[in-house]
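*Asks:* Got a predicted model here, sequence first, then my questions.
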Amino acid sequence: MSAAARPARMLRVLGAALPLLLGAAGAPAAAAFDPLALQPEPPADDTTTAPPPWHGSGPGLRLELAREQQDRAGGGSQGYSSVVLDFRGEWRTEAGLRLALSDRYERRIGGDAARNRNALREAYASLAAAPGWYVDFGRINWRNGVGSGYNPTDYLKRGADIEQGSLDPRAQRENRLGTVMLRQQWVGAAGSAQLALIPALADGPESSLTAPGWSRTNRERAALLKLAPTVDERTSLDLLAYTRAGDAPQVGANLTRLLGDAWVLHAEFSRGRRAAAPGAPLRQADDSAIGLAWTTPPGAVLTLEHQHDGGARQRALFARLAWDDAFGLAGLDVSAFVRRTLDSRARRWQIELGWAAGDRDDLRLRWAGSDGTTDPAAPTPRHSLNLAWLHAF
């Protein structure tokens, strides 16, 4: 069988297997709240009060003004100013139709020129076709993986990154391009299942920074299947299978386990044959992220994670701190992370302070840097300091 025929065959197999899996799972039932669930299912309809024909929700429009100073590895510094309009909205109807839109426009000024960039992150429609059944269509940012700093099962991340100031993997995962897909979701007493069919929309580069970026997220046909069986109140499990035209299939799993009132273990694993670089031969690669999170008595969450990239043959340690209302001060949030590659002296880190200056305004100070990997001749910043004001309308 040719490489081009494999994805089509995998699509037929996944499509045939899903009804069998759902039929064996039993009748749909209301899903209970799971404190370990890292990806929420669509919210249930509120039957206590009838909503108007159309009503919106979500954070709406946000304005961000920022100033950033970068120190280059080869010497010298450069300052940048940016204006960002960030919109997230959601609308629903009584018929069970939900529409969602997420877009980010940025004007960045620095050096000898100004650049305008637009990122259409999400634009999709979701329909509650039947109790426990949901059908989604459009550009969807479907994130997978329980890792804190590395997600080998986040198969749709390739090409979806958006250039931004934050080095935090969690922020980059949230603020990226979605993938155009047709997705079906089922939720029942036995767990949930999701199947996404991804079309090929474009194969050439897009020269404009304001283009939608179809060639980045939908260059080849693909399919993604995710099963989340119900285990117990302290354990969550995801099983994934992914195939894309021209590539070998990938399989993965995510596991979280609540070890006590303050400890959570997480493990993420992916296996498949892939090339280490474009044009290189395919070889077996196992990727993993295994970590432990501890919620301290003051409320700070400390996470330590071991990461292994089988394709790049690289191992790393990752540590994260997240503390809301730090030091008992309402509105003060502190976050930090550091990633150290074990096979070299490469290190990447970031510290961020956020303060809620009212119901609609926030101030953010971020200091980030990298050591041990930067090419002195490259324009990559070695250290950066960013101050931003955010206002929600």
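*Replies:* Sure, I can see it. Numbering: from 1, shown residues only.
*Asks:* What residues are bridge-paired with Gly188?
*Replies:* Gly191 (DSSP bridges).
*Asks:* In this structure it contacts Ala130, no?
*Replies:* No - the pair Gly188 / Ala130 is not scored as a contact, 11.4 Å apart, by Cβ atoms under 8 Å. Just so you know, the C-beta spots here come from the backbone N, C-alpha and C atoms, and that holds for glycine as well.
*Asks:* who's more crowded, those two?
*Replies:* Counted by other Cβ atoms under 10 Å, Gly188 and Ala130 do not tie: Gly188 has more neighbours, with 19 against 11.
*Asks:* Would you check how far apart that one and Ser215 are?
*Replies:* According to Cβ to Cβ, to the nearest Å, Gly188 stands 37 Å off from Ser215.
*Asks:* With Leu385 instead?
*Replies:* 34 Å.
*Asks:* Now do the same contact list for the residue nearest the centre of the chain.
*Replies:* In the chain, the residue lying closest to the centroid (Cα atoms, centre = their mean) is Arg173, at 3.2 Å. Neighbouring residues of Arg173 by Cβ atoms under 8 Å, 6 or more residues apart in numbering: 143, 151, 154, 157.
*Asks:* out of the residues you listed, which are inside helices?
*Replies:* Per DSSP state H, helices hold no members of these.
*Asks:* Selection in ChimeraX covering whichever of those residues are buried, please.
*Replies:* The buried residues among these can be selected in ChimeraX (16 or more other Cβ atoms under 10 Å) with this line:
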select :143,151,154,157
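*Asks:* what pairs with the closest residue to Arg283 other than its chain neighbours across the strands?
*Replies:* With sequence-adjacent residues excluded and distances taken as Cβ to Cβ, 6 or more residues apart in numbering, Arg283 is closest to Arg273, at 6.3 Å. Beta bridges link Arg273 to Gln284 when assigned by DSSP bridges.
*Asks:* Do I have it right that Arg382 meets Gly372?
*Replies:* No - taking contacts as Cβ under 8 Å, Arg382 lies outside contact range of Gly372: 10.4 Å.
*Asks:* First-to-last residue distance for stretch 206-223?
*Replies:* End-to-end distance of stretch 206-223 (Cα to Cα, to the nearest Å): 24 Å.
*Asks:* what does the average pLDDT come to for it?
*Replies:* For stretch 206-223, mean pLDDT is 85.
*Asks:* how distant is that stretch from the center of its chain?
*Replies:* Relative to its parent chain, stretch 206-223 has a centroid offset of 17 Å by Cα atoms, centre = their mean, to the nearest Å.
*Asks:* Please apply the same query to stretch 98-118.
*Replies:* Taking Cα atoms, centre = their mean, one finds the center of stretch 98-118 at 19 Å from the center of the full chain.
*Asks:* buried sites along it?
*Replies:* So for stretch 98-118, counting by 16+ other Cβ under 10 Å, buried means 98-104, 106, 108, 110, 117-118.
*Asks:* repeat for stretch 140-158
*Replies:* The neighbour-count check on stretch 140-158 (16+ other Cβ under 10 Å) flags 140-157 as buried.
*Asks:* before we move on, what about stretch 358-368?
*Replies:* By 16+ other Cβ under 10 Å, the buried positions in stretch 358-368 come out as 362, 364, 366, 368.
*Asks:* go on, stretch 334-352?
*Replies:* Within stretch 334-352, the residues scored as buried using 16+ other Cβ under 10 Å are 334-337, 339-341, 346, 348-350, 352.
*Asks:* need the contacts of Arg173 in a markdown table with distance to Trp91, can you?
*Replies:* Conversion of those to a markdown table gives the following (distance: Cβ to Cβ, whole Å):
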| residue | distance to Trp91 |
| --- | --- |
| Arg143 | 22 |
| Asn151 | 30 |
| Asp154 | 28 |
| Lys157 | 27 |
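*Asks:* residues making contact with stretch 203-214?
*Replies:* Stretch 203-214 is contacted from outside by 115-120, 139, 159, 177, 180, 201-202, 215-216, 219, using Cβ under 8 Å, 6+ apart.
*Asks:* Which of those fall within strands?
*Replies:* If you go by DSSP state E, the contacts of stretch 203-214 have 115-120, 139, 180 in strands.
*Asks:* how long is stretch 295-308 end to end?
*Replies:* End-to-end for stretch 295-308, by Cα to Cα: 25 Å.
*Asks:* pLDDT on it, on average?
*Replies:* 96.
*Asks:* Show me the contact partners of it.
*Replies:* 147-150, 262-263, 266, 286-294, 314-328, 334, 339.
*Asks:* that older thread, of the buried residues of stretch 334-352, which belong to strands?
*Replies:* 334-337, 339-341, 348-350, 352.
*Asks:* Restricting to C-alpha, output stretch 315-328 in PDB.
*Replies:* Only the C-alpha atoms of stretch 315-328 are listed here, as PDB (Å, rounded to 0.1, in the frame of the first residue of the first chain):
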ATOM      1  CA  ARG A 315      15.700  14.800  27.300                       C
ATOM      2  CA  ALA A 316      14.800  17.700  29.500                       C
ATOM      3  CA  LEU A 317      13.600  18.700  33.000                       C
ATOM      4  CA  PHE A 318      10.800  21.200  33.300                       C
ATOM      5  CA  ALA A 319       9.600  23.000  36.500                       C
ATOM      6  CA  ARG A 320       6.700  25.400  36.800                       C
ATOM      7  CA  LEU A 321       5.200  27.700  39.500                       C
ATOM      8  CA  ALA A 322       1.700  29.000  39.300                       C
ATOM      9  CA  TRP A 323       0.300  31.100  42.200                       C
ATOM     10  CA  ASP A 324      -3.000  33.000  42.100                       C
ATOM     11  CA  ASP A 325      -3.500  35.700  44.800                       C
ATOM     12  CA  ALA A 326       0.200  35.300  45.700                       C
ATOM     13  CA  PHE A 327       1.300  36.200  49.200                       C
ATOM     14  CA  GLY A 328      -2.300  36.600  50.100                       C
END
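*Asks:* Thanks again, I'm all set now.
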